[in-house]
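S.K.: Next comes the sequence, and after it the predicted model I'd like to discuss.
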Amino acid sequence: MKYHSSKIPVETARNEQMIDITSKVQEVVNAAKVQSGICIVFSMHTTCGITINENADPDVKKDIMHHLARIFPESESYKHLEGNSNAHLKVSTIGPSETVLVEKGKLVLGRWQGIMLCEFDGPRNRSVTVHVQGD
Amino acid sequence: MKYHSSKIPVETARNEQMIDITSKVQEVVNAAKVQSGICIVFSMHTTCGITINENADPDVKKDIMHHLARIFPESESYKHLEGNSNAHLKVSTIGPSETVLVEKGKLVLGRWQGIMLCEFDGPRNRSVTVHVQGD
Amino acid sequence: MKYHSSKIPVETARNEQMIDITSKVQEVVNAAKVQSGICIVFSMHTTCGITINENADPDVKKDIMHHLARIFPESESYKHLEGNSNAHLKVSTIGPSETVLVEKGKLVLGRWQGIMLCEFDGPRNRSVTVHVQGD
């Protein structure tokens, strides 16, 4: 059983942004030299999550971010003095991590699926832990 | 360490539908002959997710689908030309996968928990990857 | 490869409550004597979920619970006769479990991240399964 962990740095450019990190995650899988196993992609932050969604039309990303902002508006009266509770709410909705299978050394994803970092309180320098375990 | 993956085909019948796939997942665990380990249930699609929720009263499924549709309505102005961004939003909310423990060859679930496929843009033929690893 | 599972009992005090269980989860990791691997924290219930979010300012927890209640109000007309479909909806939104990495015997979490049980239909006695596997 091999264990391999790496941190992927992601520099976000805007307050809200969805960034496809699939190829960076696959690079960690390659370095791990694991043929069969699992890969966990984990955001180390409470205002930045990980999801899996469409990798083709960039409008899907825009729609997701826009309508999450509609549901969890910035203008809500939050108790949290930093005022970014909407970002915390979105992270718990989207989730902080995804687990993806590895077969024959490749991430097992559907044709339209990409692994996405969701920035909800940027721009910031983010760190994503990618952990691969298997044989 | 054993690795066993199978694809479960699921044919959905309606535009929106929640289908209990627990027994199909348990069949894959049986075939894997794993006593202790984990089971990952992963949707290969971006408009169809996986969740765990009540397996008893079918009204819970109806309530979940109905109120997700209220929160992410079809009529919203989406940029995505296919017009199904509400389905993509629901998948990122519900999540594309669940990880369940396996002990003594059985999925470890609470009394009322079932593993559910959530169709948000059907009817379609869906494919769920079930991956079991353990000893 | 070691496998170690424990059930953590959590007694909730209110109808809705977010409780940091990170230290209890770390105790299970300690007992497992696993240096490298993964830890799965899994709620055995359909009205109580698990998330990872800010462990510092308690107002973040209040904001998360308050605004989830705004989005999924109790007063909605639910088909489910128990009338707690809002709790079921929140669990599928937040998710029933989280997977966290273990390195050098410690849970790998960001500075502000804590593992949280989210009670949506309490007060009740809850049971969380913590499963650690690795070497």
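M.R.: Looks like it came in fine. Quantities reported herein were computed from a predicted structural model and do not represent experimental measurements.

S.K.: so how many other residues sit close to the closest residue to A:Asn125 other than its chain neighbours?
M.R.: Spatial nearest neighbour of A:Asn125, chain neighbours left out: A:Glu11 (5.4 Å); criterion: C-beta to C-beta, 6 or more residues apart in numbering or on different chains. (Each C-beta comes from the backbone N, C-alpha and C, glycine too.) Neighbourhood size, A:Glu11 [other C-beta atoms under 10 Å in any protein chain shown]: 11.

S.K.: Contact residues of chain A facing chain B?
M.R.: A:1, A:36-38, A:51-54, A:57, A:59-60, A:62-64, A:66-68, A:71, A:93-95, A:98-101, A:103, A:108-113, A:134-135 (C-beta under 8 Å from any C-beta of the partner chain).

S.K.: hmm, back to that, distance of the residue nearest to A:Asn125 from chain C?
M.R.: Going from A:Glu11 to chain C by C-beta to the nearest C-beta, to the nearest Å gives 17 Å.

S.K.: The helix or strand containing A:Ile52 - contacts with which helices or strands?
M.R.: Per DSSP states H and E, A:Ile52 falls inside strand A:48-54. Here strand A:48-54 touches strand A:37-43, helix A:58-71, helix A:85-94, strand A:97-103, strand A:113-119, helix B:85-94, going by 3 or more C-beta pairs under 8 Å, 6 or more residues apart in numbering or on different chains; DSSP states H and E.

S.K.: which residue packs closest to A:Lys104, ignoring adjacent ones?
M.R.: In space, A:Lys104 is closest to A:Gln35, 6.1 Å off (C-beta to C-beta, 6+ apart).

S.K.: residues in contact with the one you found?
M.R.: With contacts defined as C-beta atoms under 8 Å, 6 or more residues apart in numbering or on different chains, A:Gln35 is in contact with A:Val102, A:Glu103, A:Lys104, A:Gly105, A:Gly134, A:Asp135.

S.K.: The first one: neighbour count?
M.R.: By other C-beta under 10 Å, 22 other residues sit near A:Val102.

S.K.: Please apply the same query to the fourth one.
M.R.: Counted with other C-beta under 10 Å, the burial measure for A:Gly105 works out to 15 neighbours.

S.K.: shouldn't it be in contact with A:Val29?
M.R.: Yes. At 6.7 Å, A:Gly105 and A:Val29 qualify as touching, with contact defined as C-beta atoms under 8 Å.

S.K.: quick one: A:Glu54 from B:Met1, how far?
M.R.: According to C-beta to C-beta, to the nearest Å, A:Glu54 and B:Met1 sit 33 Å apart.

S.K.: Between these two, tell me which one has more neighbours.
M.R.: A:Glu54 (27 against 15).

S.K.: Pull up the gap between the residue positioned nearest the centre of chain A and chain C, please.
M.R.: Centroid-nearest residue in chain A, with C-alpha atoms, centre = their mean: A:Ile50, separated by 2.4 Å. Per C-beta to the nearest C-beta, A:Ile50 is found 11 Å from chain C.

S.K.: From A:Gln133, how far out is that residue?
M.R.: 18 Å.

S.K.: before we move on, what about A:Met65?
M.R.: 32 Å.

S.K.: of the two, who's got more company?
M.R.: Using other C-beta under 10 Å, the more surrounded residue of A:Met65 and A:Gln133 is A:Gln133, with 26 against 20.

S.K.: The strand holding A:Ile52 pairs with which strands?
M.R.: strand A:113-119 (antiparallel) (DSSP bridges).

S.K.: Could you tell me how far the partner strand lies from the centre of the chain?
M.R.: 4 Å (C-alpha atoms, centre = their mean, to the nearest Å).

S.K.: repeat for stretch A:84-95
M.R.: The answer for stretch A:84-95 is 13 Å, by C-alpha atoms, centre = their mean.

S.K.: Sort out which residues of the helix or strand bottoming out on mean pLDDT in chain A are buried, please.
M.R.: When the helices and strands of chain A are scored by mean pLDDT, DSSP states H and E, helix A:58-71 comes last with a mean of 94. By neighbour count on 16 or more other C-beta atoms under 10 Å in any protein chain shown, the buried set for helix A:58-71 is A:Asp59, A:Val60, A:Lys61, A:Lys62, A:Asp63, A:Ile64, A:Met65, A:His66, A:His67, A:Leu68, A:Ile71.

S.K.: Next: stretch A:67-85.
M.R.: A:His67, A:Leu68, A:Ile71, A:Phe72, A:Tyr78, A:His80, A:Asn84, A:Ser85.

S.K.: Over to stretch A:121-132?
M.R.: Buried residues in stretch A:121-132 (16+ other C-beta under 10 Å): A:Asp121, A:Gly122, A:Arg126, A:Val128, A:Thr129, A:Val130, A:His131, A:Val132.

S.K.: re the thing from before, wait, the residue nearest to A:Asn125 touches A:Ser127, no?
M.R.: No. Assessed by C-beta under 8 Å, A:Glu11 is found out of contact with A:Ser127, at 10.4 Å.

S.K.: what pLDDT does A:Asp57 get?
M.R.: pLDDT recorded at A:Asp57 is 92.

S.K.: where's the nearest residue to it once chain neighbours are set aside relative to chain C, distance?
M.R.: Of all residues not flanking A:Asp57 in the chain, B:His80 sits nearest, at 5.6 Å (C-beta to C-beta, 6+ apart). Taking C-beta to the nearest C-beta as the measure, B:His80 and chain C are separated by 22 Å.
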